[in-house]
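**Student:** after the sequence you'll find the predicted model.
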Amino acid sequence: MAANKGAMHTAVVGMGRTGISVVRFLLANGMTCEAFDESKLSLPAGIDLPLHIGALDGVRLLSFGRIIVSPGINWHHPALVSARAAGIPVYGDLQLFGEHFHGDMIAVTGTNGKTTTVTLINTMLDVLPGGIEAAGNIGKPMLELIDTGDQPPRVVLELSSFQLERAEPIHPCWAALLNVQPDHADMHVDMQAYREAKLRLFARQGAGDKAMLPVDAEWDALAGELKSRGVYVRRFGVGSSDGLDCGVQMSKDGSWQLFWHHYDQPYTIEASELQARGRHQHLNLAVAGQAAADFGISPAVIRQSLTSFRGLSHRLQSLGEVQGRQWFNDSKATNPDAASAALHSFEQVIWICGGLRKGLDISALKDVVAEHVALMLVIGSDMAAFIALAKLAGVRVDAVGTMQKAVAAATTATAGLPVLLSPAAASQDQFSDYAERGRCFADAVAALEPGA
């Protein structure tokens with residue numbers, strides 16, 4: 001799509017960091033705009049434009065030539081639905097970025113694992129001439145990379161379904177889908193709409209581009225369709241380096257290895273050499289390693305990067321040993337699939353769980369809980385479903401309610417067992433976000449008497 005270089009008057013909805021980046025980009029490129037937000041706030045110093053506070057006025061929005069919406073704004077807000085019905089272009093910052101960025105674009109989407117994968121790709125490709133910049137859902141608005149007119153030669157974007165659904169398809173030269181699991185489906189019409197939003201990532205790929213897909217059979221049709229367009233399709237998962245491009249495999253002695261390919265040559269790292277824990281984490285590392293190899297990064301650099309990576313905050317992050325047991329912060333596990341992956345990383349564990357379920361069914365965790373959990377400590381406002389899960393799995397449960405009580409209860413549980421915060425639920429019933437929840441957990445652990 002050709003960039004709109006005219007002076008189209010734009011409504012920017014949502015004045016969080018992304019919305020502010022849109023405003024700055026538009027102003028820097030000589031375009032006029034007005035800001036809208038339903039919360040009471042003020043604009044940063046140096047930004048001088050009309051600011052409309054309060055419920056979105058659908059009639060007022062109809063007077064604009066286009067509307068740019070931040071990812072956190074519900075795409076199905078009645079005012080936005082009315083604007084689209086009236087034929088007004090409504091989209092997000094990703095579309096602006098796709099229209100104006102001219103370098104190599106690497107993009108990663110999926111329900112879980114995006115930030116880890118993007119962080120590692122960014123680390124490894126930074127050794128290339130001109131380096132690389134990471135942006136998107138990882139925290140840095142992508143338009144900040146190009147609002148001054150200068151552009152990096154390449155970017156790696158972490159993209160959510162919200163960003164992908166509200167943009168004309170972009171054209172990444174290398175794109176990865178890590179997984180699609182029920183989580184943010186509640187913000188879409190249904191699970192199929194959530195899935196389709198993710199798959200928009202590949203809509204414009206063609207000859208010479210690369211696409212990374214899970215090995216699961218449900219993605220075979222997409223792989224075939226991409227191949228018919230000339231896309232080089234890579235597959236990853238748990239399997240063998242003989243049949244997959246990257247992933248994890250079991251060696252002859254029963255140990256696990258991470259692998260990727262440099263051209264046709266497989267390279268492996270023993271799982272015991274990796275500081276990041278969990279097979280799901282190792283799959284993310286393998287995808288990142290393959291991306292680096294595809295851009296010419298040497299096997300030595302890839303190996304060093306993967307073996308030195310300690311993991312990200314709130315993502316199966318080790319807090320060390322306190323009172324004779326290990327403590328792990330996996331607060332980012334806001335859905336059952338993420339929690340299941342974390343639980344599989346332990347033989348037996350004390351599991352701190354609970355929060356805002358968002359309607360997700362947690363009963364599917366019965367088998368992994370029965371096998372790996374010695375005690376469930378339930379926090380949050382929706383404890384009944386987790387107590388029911390414990391009974392279903394035949395596991396002891398204590399409905400403690402708060403994080404501080406959960407940490408205190410864990411100290412008196414079976415000696416030596418590790419403690420895992422992996423809530424399988426969102427955090428907004430008790431915390432502002434998963435990061436605050438993770439910090440609360442880490443603070444409570446740090447406050448324990450070391451030798452008690």
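**Tutor:** Nice, I can see it. Residues are numbered from 1 along each chain as shown.
**Student:** tell me the contacts of Val368?
**Tutor:** 340, 343-344 (CB atoms under 8 Å, 6 or more residues apart in numbering). In this view, the C-beta of every residue, glycine as well, is placed from N, C-alpha and C.
**Student:** quickly find the element holding it.
**Tutor:** Taking DSSP states H and E as the criterion, the element that holds Val368 is helix 366-372.
**Student:** cool, and Phe236?
**Tutor:** Using DSSP H and E, Phe236 maps to strand 232-238.
**Student:** show me which positions of the longest helix along the chain end up buried.
**Tutor:** Counting residues, the longest helix in the chain under DSSP state H turns out to be helix 279-294. By neighbour count with 16 or more other CB atoms under 10 Å, helix 279-294 contains the buried residues 280-294.
**Student:** what packs against the helix or strand following it?
**Tutor:** As assigned by DSSP H and E, the chain's next helix or strand after helix 279-294 is helix 299-308. When contacts are defined as 3 or more CB pairs under 8 Å, 6 or more residues apart in numbering; DSSP states H and E, helix 299-308 packs onto helix 114-125, strand 256-262, strand 265-270, helix 279-294.
**Student:** among these, which is nearest Leu213?
**Tutor:** In terms of CB to CB, the element of the helices and strands packed on helix 299-308 nearest to Leu213 is helix 279-294, at 10.3 Å.
**Student:** relative to helix 114-125, how tilted is the closest one?
**Tutor:** Using axes from the mean of the first three to the mean of the last three CA atoms, to 10 degrees, the inter-axis angle of helix 279-294 relative to helix 114-125 is 30 degrees.
**Student:** quick one: mean pLDDT over helix 279-294.
**Tutor:** Mean pLDDT, helix 279-294: 96.
**Student:** would you list every one of the helices in the stretch 1-150 of the chain?
**Tutor:** 17-28, 58-61, 78-85, 93-100, 114-125 (DSSP state H, counting those that start in this stretch).
**Student:** hang on, the earlier thing: tilt between the strand holding Phe236 and strand 256-262?
**Tutor:** Going by the same axes, to 10 degrees, strand 232-238 makes 170 degrees with strand 256-262.
**Student:** what lines up beside strand 232-238 in the sheet?
**Tutor:** strand 210-214 (parallel), strand 246-250 (parallel) (DSSP bridges).
**Student:** list the contacts of the last one.
**Tutor:** Yep, that's strand 246-250 we're talking about. 215, 234, 236-241, 256-261, 268, 271, 279, 282-283, 286-287, 289-290.
**Student:** repeat that for stretch 10-22.
**Tutor:** 23, 26, 31-37, 41, 43-44, 47, 51, 56, 61, 64-73, 80, 93, 96, 141-144, 147.
**Student:** just the buried ones from those, in ChimeraX syntax?
**Tutor:** Buried members of these, defined by 16+ other CB under 10 Å, are picked up in ChimeraX with:
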select :23,26,31,33,34,35,36,37,43,51,56,61,64,66,67,68,69,70,71,73,80,93,96,141,142,143,144,147
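**Student:** restricted to strands, list the contacts of stretch 10-22.
**Tutor:** Among those, the subset assigned to strands under DSSP state E consists of 33-37, 51, 66-69.
**Student:** who are the contact partners of the residue at minimal distance from the centre of the chain?
**Tutor:** The structure's the chain has its C-alpha centroid closest to Lys114; by CA atoms, centre = their mean the separation is 3.9 Å. Shown in contact with Lys114 (CB under 8 Å, 6+ apart): 108, 137-138, 158-160, 178.
**Student:** could you report the distance from it to Val180?
**Tutor:** According to CB to CB, to the nearest Å, Lys114 stands 12 Å off from Val180.
**Student:** which pLDDT value does the model give the residue lying closest to Ala134 once chain neighbours are set aside?
**Tutor:** For Ala134, ignoring the flanking residues on the chain, the nearest one in space by CB to CB, 6 or more residues apart in numbering is Asn122 at 3.9 Å. Per-residue confidence at Asn122 stands at 97 (pLDDT).
**Student:** flag every buried residue along the lowest-mean-pLDDT helix or strand in the chain.
**Tutor:** Lowest by mean pLDDT, DSSP states H and E among the helices and strands of the chain is helix 191-199, with a mean of 88. By neighbour count with 16+ other CB under 10 Å, helix 191-199 contains the buried residues 194, 196-199.
**Student:** between those residues, which sits nearest Ala364?
**Tutor:** Tyr194 (17.6 Å).
**Student:** touching, that closest one and Leu164? I think so.
**Tutor:** No: taking contacts as CB atoms under 8 Å, Tyr194 lies outside contact range of Leu164: 10.2 Å.
**Student:** so what's the nearest residue to Cys33 once chain neighbours are set aside bridging to?
**Tutor:** With CB to CB, 6+ apart as the criterion, Cys33 has its nearest non-adjacent residue at 4.1 Å, and that residue is Thr10. Per DSSP bridges, the residues bridged to Thr10 are Cys33, Arg66.
**Student:** okay, Thr10: pLDDT?
**Tutor:** Confidence for Thr10, expressed as pLDDT, is 97.
**Student:** with Gly54 instead?
**Tutor:** 95.
**Student:** list phi and psi for it.
**Tutor:** phi 120, psi -180 (degrees, to the nearest 10).
**Student:** roughly how far does it sit from Leu41?
**Tutor:** 11 Å.
**Student:** same check, this time on Gly206
**Tutor:** 43 Å.
**Student:** same question, Leu201
**Tutor:** Taking CB to CB, one finds Leu201 at 32 Å from Leu41.
**Student:** tell me the contacts of the closest residue to Gln430 other than its chain neighbours?
**Tutor:** Excluding the flanking residues, the one nearest Gln430 by CB to CB, 6+ apart is Gly380, at 6.1 Å. Gly380 sits next to 354-356, 386, 401, 423, 425, 429-430 when contact means CB under 8 Å, 6+ apart.
**Student:** next step: these restricted to helices.
**Tutor:** Using DSSP H, those in helices are Phe386.
**Student:** just give me the closest of the contacts of Gly380 to Gln304.
**Tutor:** Out of the contacts of Gly380, the member with the shortest distance to Gln304 (by CB to CB) is Pro423, at 33.1 Å.
**Student:** the closest one is in contact with Gly354, isn't it?
**Tutor:** Yes: applying CB under 8 Å as the test, Pro423 and Gly354 come out as touching, 6.0 Å apart.
**Student:** which one of those two is surrounded by more residues?
**Tutor:** Pro423 (33 against 29; other CB atoms under 10 Å).
**Student:** got the phi and psi for the more buried one?
**Tutor:** Per degrees, to the nearest 10, the backbone of Pro423 is at phi -70, psi -20.
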